[in-house]
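Student: dropping a prediction and its sequence here:
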Amino acid sequence: MNLGTKGIELIKSYEGCRLQAYLCPAGAWTIGWGHTAGVYEGQVITQEEADRMFLEDVRIYSNAVEKYQERFNFTYSWIDALTSFAYNCGIGALANVMSLCNTKKEIAEECKLYNKGGGVVLAGLVRRREEEYNLFMSDMENEVPSQEVNTNADTYTVKSGDT
């Protein structure tokens with residue numbers, strides 16, 4: 001499954017890119033564009049490594065969203081919003097939301113509840129869930145992404161306007 005530019009921009013705008021490992025508010029070691037797998041204290045990476053990790057992570061989370069495509073017939077807006085949600089909250093949270101909800105509206109509302117880090121409501125997560133919700137609600141059946149990024153590729157070339 002391919003993630004559109006709206007999804008990439010949304011994820012990158014909230015994750016930011018840090019080339020030195022840091023502890024996120026939930027207490028997980030994080031590096032690059034919000035990458036957590038195998039990250040350790042003191043780790044340093046290059047921008048190229050961060051971008052590669054990002055594409056690998058996006059592939060994982062967009063594939064997790066794809067599992068629900070047949071059931072809900074997601075548009076590009078939904079794919080972008082749900083991939084951002086899964087990227088931030090994890091595949092388990094995505095599965096939990098999908099098991100609780102029967103309609104797209106229910107999914108959008110349920111996702112908004114995932115606004116805590118370390119048990120505390122975080123303003124940044126409230127804003128992120130609201131942006132994802134707005135993307136959910138822009139759900140136009142014939143929407144075409146402004147630019148689709150092939151997450152199955154090994155590389156991504158940064159284009160003018162990327163963040």
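Tutor: Yep, it's here.
Student: for the residue of the chain positioned farthest from its centre, give its distance to residue 31.
Tutor: Distance from the centre of the chain peaks at residue 42, with 24.9 Å (Cα atoms, centre = their mean). To residue 31, residue 42 is 10 Å away according to Cβ to Cβ, to the nearest Å. To be clear about C-beta, it is placed using only N, CA and C from the backbone, and glycine gets the same treatment.
Student: which residues are in contact with both of these two?
Tutor: Listed as contacting both residue 42 and residue 31 by Cβ atoms under 8 Å, 6 or more residues apart in numbering are residue 21.
Student: report pLDDT for residue 20.
Tutor: Note for residue 20: predicted pLDDT of 98.
Student: which residues sit against the helix or strand hosting it?
Tutor: Per DSSP states H and E, residue 20 falls inside strand 18-23. The contact list for strand 18-23 (Cβ under 8 Å, 6+ apart) reads 29-32, 39-47, 50.
Student: and the residues you listed, which two are furthest apart?
Tutor: Spanning the widest gap among the contacts of strand 18-23 are 41 and 47, at 20.6 Å by Cβ to Cβ.
Student: sorry, back to before: please flag which of the contacts of strand 18-23 sit within strands.
Tutor: 29, 30, 31, 32 (DSSP state E).
Student: leaving out the residues flanking it, which one is nearest to the last one?
Tutor: Read it as residue 32. Of all residues not flanking residue 32 in the chain, residue 50 sits nearest, at 3.4 Å (Cβ to Cβ, 6 or more residues apart in numbering).
Student: is it true that that neighbour touches residue 15?
Tutor: No: in this structure, residue 50 is not within contact of residue 15 by Cβ atoms under 8 Å, at 10.0 Å.
Student: if you count what's nearby, which of these two comes out ahead?
Tutor: residue 15 (20 against 17; other Cβ atoms under 10 Å).
Student: between the contacts of strand 18-23, which sits nearest residue 130?
Tutor: Ranked by distance to residue 130 (Cβ to Cβ), these are led by residue 30 at 22.2 Å.
Student: how many neighbours does that closest one have?
Tutor: 20.
Student: can you give me the pLDDT of residue 70?
Tutor: For residue 70, the pLDDT comes out at 89.
Student: residues near it, how many?
Tutor: For residue 70, using other Cβ under 10 Å, the count is 8.
Student: try residue 52
Tutor: For residue 52, the neighbour count with other Cβ under 10 Å is 17.
Student: who's in contact with the residue nearest to residue 32?
Tutor: When the contact criterion is Cβ under 8 Å, 6+ apart, the partners of residue 50 are 17, 19, 31, 32, 33, 35.
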